[in-house]
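J.: Fold the following and give me the result.
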Amino acid sequence: MNDQARLDAIHRLDLEASADRALFSRITVLASTMLGCPTALLSVVEAERQWFLGRTGLEACETPRDVSFCAVCIAGEGPLLVADARADRRFRDNALVTGPPFIRSYLGVPVRTEEGVLLGALCAISPEPHAFCSDQIPLLAMLAELAERSLALHVRTRELSDANAALKQASQVFRQAERATNIGSWRLDLASRTMYWSDQVYAITGVAPGSPVSVPLAIGLYDSEDQPMVSAALEATIERGEPLSFESSIRRDDGARRRIRVVGERIEVNGRPDSVAGIVHDCTEEHLRAMALKRAAEHDRLTGLFNRASFDRKLAAALRESTGEPVTVALIDLDGFKDVNDTLGHLVGDRVLVALSTHFHQRIAPGMFLARWGGDEFALLFPQGTTLAAATAFLGELVGTLDEVVSLGSSAIAIGATCGVARMDPPASGEEIMRRADLALYRGKEEGRGSVVCWDAEIEARQSERQHAIARLRAALNAGRAVAAYQPIVELETGRILSVEALLRIKGEDGSLITASEIFSALLDPELSRRVSRVMLDQVVADGPAILALLGPEARIGINLSEADLRQDDFVRHLIEVIDDSVLSPANITIEVTETMLLDAGGQLHASLAMLDRCGFTVCLDDFGTGFSSLTHLRRFPIHKVKIDRDFIAGIGEDHQSRLIIQAIVQMGHGLGLRVVVEGVETAEQENFLRAIGCRHVQGYRYGRPALLGELQERLGPVAAPFRLRA
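T.: Model (predicted):
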């Protein structure tokens, strides 16, 4: 049938003037409820416009045909599913997409007369993308069939024929739809206050089929706290004609709880209120899914604690609703957790996180809000009015209770924690207060595990300096201005230079050399420290042949590696491969590590040092004698050389204890078969003392400042006398 014949058929039906709009609007209400969307329409598509025989959720009565989705639907003579109108070339510039009602998703099914004439479509509309799927087409088609039967009923009514049969068929389709979708219909006669339920409402509520029902009985099914709301909503519909719509839970006589959604509207006859009619939808499964999704969106899957997004919302609310009192937060980071994952595996790591999360949750006070911030970090929001002293005292106690929290059979895993605390007066942003807590946590990690550190201006200043140093170092690396300078390590007895330590220097834009100490805070950044290590390794390999020619084939070059380097298996393998491919051998390379790196060492770090030792590299423990010294390090790790920190030799003139410490370390090291180097030697007095106690190897300005390769070659003179310092 051509379009003109179709338009003629629509004109003959005279639907706009005589159709029962309320009946067809009920169908759209049913469609909206079944498909969970705000808008449903039963359209009639004419030559220049589409108008709505039934509508729910849309004020407009008609739109131009050129923006009609339903016109496209009937042109295809089959269902039309538009997942995202903004992504569909046919509709993305459509005025109903770019403007109200901002259509994103559309599902439509053509509606025909009994003769097969395409009138329009029954459609569902949502402002959300991907709101519908193809599995919902049969449901909408069932309602389209209902609309078609209702249209047929309208035709028959006008022709005064077969009306009773059509009504029976429509009623049957309604009952089938009710059973298929677990939706029942109801009606309240306003004159008699008698309530009528369909069979499906009896089935949903658990009331015996056919039992008389009343408004008090129906309201009594709802949760007691919701009953006033239900009564008020029904009265507003009866007295003022307001649409009825609510969702609540009921308890059936058999004890089962169901979640139902109720929709209704007042029906008028001859301009006077006659009844209230609507539907009851059993949405229990939908409600449970929504609750599960809500919990998944708000809680961490592993630990069950609130997640970061929930914490952010809670913190924003606390700052927004504050009565002027400061808001206090803390970040808690687990110490040693990486080694649990490295040595025992992630499954054990998950068990540790669950156990510690339970431990924290059991100890927080009422009003505190605890969340897993991410990885092995937790965030804690304190109640308003909590003093900084009270917060730090609580955190100190919390950290102190972590010993042997996690048990694995007969053994326990010792996990510590470091806390960073920040406190701000409103108005303040959540991002800023958490940034400050993170800075305090970072400072706590520097001070040592188990500390509780509060943000202050000094920490902020240090961070500013660190960011400046990071920018300075990154610019130098990008410009190729990072180079190696070499400082000699001398055998005291002979004056021979046995080895050199490669030290980072940055060439300034003015040609000056910047020492590593000036940008030390930047080297704490794992990404930059790894880049520096690769640059230094490449420079040592490039300078290696000249250094061996200068000092002899058995000379050693010391390279400082960071914890970030040793925790990356690919870097260690890269180092081994690069040395193997060069004129250097592992025997020419000393790997220098600091004692702080070994505090929580295990897993990958221990494996990396063991691999380097097996390959023939010498592992040296740098800065030995500082606050974290432990003989356990010498036993647990493959260490063959120690360097005594320069602070001890600097103090021997006034500090007798420093003399005793150096002497004890030298003698202990020799007794353990270790090579011992004393750093920071600058004076003859210091050298004489070291000779007297039997120290064999020294390093310091007395024997040469760090120098670039060319300067080192000039200082040490011709190859004929390569091994002795010039006087």
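
J.: Contacts only, for L13.
T.: By C-beta atoms under 8 Å, 6 or more residues apart in numbering, the contact set of L13 is T113, L119, L151, H154, V155. In this view, the C-beta of every residue, glycine as well, is placed from N, C-alpha and C.

J.: Apply 6 Å and report the result again.
T.: Applying C-beta atoms under 6 Å, 6 or more residues apart in numbering to L13 gives no contacts.

J.: Ramachandran angles for it?
T.: phi -70, psi -30 (degrees, to the nearest 10).

J.: in the stretch 51-200 of the chain, what spans have low per-residue confidence?
T.: 159-181 (pLDDT under 70).

J.: Would you map the helices across it?
T.: 69-76, 95-98, 137-159, 163-181, 199-205 (DSSP state H, counting those that start in this stretch).

J.: helices or strands next to the longest one in the packing?
T.: Spelled out, that is helix 137-159. With contacts taken as 3 or more C-beta pairs under 6 Å, 6 or more residues apart in numbering; DSSP states H and E, helix 137-159 sits against helix 21-35, strand 105-112, strand 118-126, helix 163-181.

J.: Pull out the buried residues from the third one.
T.: With burial defined by 16 or more other C-beta atoms under 10 Å, the residues of strand 118-126 counted as buried are L118, L119, G120, A121, L122, C123, A124, I125, S126.

J.: isn't the last one right next to Y106, touching?
T.: Right, the one you point to is S126. No. The criterion here is C-beta atoms under 6 Å, and S126 misses it with Y106 at 8.0 Å.

J.: can you list residues touching both of these two?
T.: By C-beta under 6 Å, 6+ apart, no residue touches both S126 and Y106.

J.: what's around P110, how many residues?
T.: Around P110 there are 23 other residues, counting by other C-beta atoms under 10 Å.

J.: Endpoints of stretch 377-385, how far apart?
T.: From its first residue to its last, stretch 377-385 covers 25 Å (C-alpha to C-alpha, to the nearest Å).

J.: so where's the protein shaky on pLDDT?
T.: For the chain, the stretches with pLDDT under 70 are 1, 18-19, 159-181, 403-413, 599-603, 625-633, 717-727.

J.: quick check, A379 in a helix?
T.: No. Per DSSP: H, G, I helix; E, B strand; the rest coil, A379 lies outside any helix segment and is strand.

J.: Now do the contacts for it.
T.: F311, L331, A371, W373 are the contacts of A379 under C-beta under 6 Å, 6+ apart.

J.: Please repeat the previous calculation with a cut-off of 7 Å.
T.: By C-beta atoms under 7 Å, 6 or more residues apart in numbering, the contact list for A379 reads F311, V329, L331, A371, W373.

J.: Equivalent analysis for K445, please.
T.: By C-beta under 7 Å, 6+ apart, K445 lies in contact with T418.

J.: ok, 8 Å please
T.: Contacts of K445 (C-beta under 8 Å, 6+ apart): D333, T418.

J.: my hunch is that it is in a helix, does that hold up?
T.: Yes. Per three-state DSSP, K445 lies within a helix segment.

J.: Just list the residues touching Q699, thanks.
T.: So Q699 contacts Q487, P488, I489, V490, E501, K643, V677, V678, E679, G680, V681 (C-beta under 8 Å, 6+ apart).

J.: Apply 10 Å and report the result again.
T.: Residues near Q699 by C-beta atoms under 10 Å, 6 or more residues apart in numbering: 487-490, 499-501, 558, 643-644, 646, 677-681.

J.: Okay, it and K641: tell me how far apart.
T.: 12 Å (C-beta to C-beta, to the nearest Å).

J.: What separation is there between I103 and A60?
T.: 12 Å.

J.: Those two: which has the busier surroundings?
T.: Here I103 and A60 are set side by side on neighbour count (other C-beta under 10 Å), and the busier one is I103, at 24 against 12.

J.: Distance-wise, check that one relative to I415.
T.: 54 Å.

J.: Surely L334 touches F378?
T.: Yes. Here L334 reaches F378: they are 8.2 Å apart, a contact under C-beta atoms under 10 Å.

J.: Now do the SS call for L288.
T.: helix.

J.: For it, which non-adjacent residue is closest in space?
T.: For L288, ignoring the flanking residues on the chain, the nearest one in space by C-beta to C-beta, 6 or more residues apart in numbering is R259 at 7.7 Å.

J.: Identify the residues contacting L537.
T.: A484, A502, I559, L561, D565, F571, H574, L575, V578, I579, S582, I589.

J.: next one: stretch 61-75 to chain centre, how far?
T.: Remark: stretch 61-75 is offset 43 Å from the chain centroid, using C-alpha atoms, centre = their mean, to the nearest Å.

J.: and it, how far apart are its ends?
T.: 22 Å.

J.: for it, which positions count as buried?
T.: Neighbour counts over stretch 61-75 (16+ other C-beta under 10 Å) mark E62, T63, V67, S68, F69, C70, A71, V72, C73, I74 as buried.

J.: same check, this time on stretch 451-463
T.: Quick answer for stretch 451-463 (16+ other C-beta under 10 Å): S451, V452, V453, C454, W455, I459, R462, Q463.

J.: circling back: so what sits against both of Q699 and K641?
T.: With C-beta under 10 Å, 6+ apart, Q699 and K641 have common neighbours I489, S499, G558, V677.

J.: and the helix or strand containing the first one, what other elements does it pack with?
T.: I489 is located in strand 482-491, with elements delineated by DSSP states H and E. Other elements packing on strand 482-491 under the criterion 3 or more C-beta pairs under 10 Å, 6 or more residues apart in numbering; DSSP states H and E are helix 457-479, strand 497-507, strand 513-515, helix 526-551, strand 556-560, strand 675-678, strand 697-698, helix 709-716.

J.: again, only this time at 8 Å
T.: Applying 3 or more C-beta pairs under 8 Å, 6 or more residues apart in numbering; DSSP states H and E, one finds that strand 482-491 makes contact with strand 497-507, helix 526-551, strand 697-698, helix 709-716.

J.: Of all those, which one is nearest A22?
T.: Nearest to A22, of all the helices and strands packed on strand 482-491, is helix 526-551, at 67.7 Å by C-beta to C-beta.

J.: Report the inter-axis angle for the closest one versus helix 709-716.
T.: Between the axes of helix 526-551 and helix 709-716, defined by axes from the mean of the first three to the mean of the last three C-alpha atoms, to 10 degrees, the angle is 30 degrees.

J.: I am finished for the moment; much appreciated.
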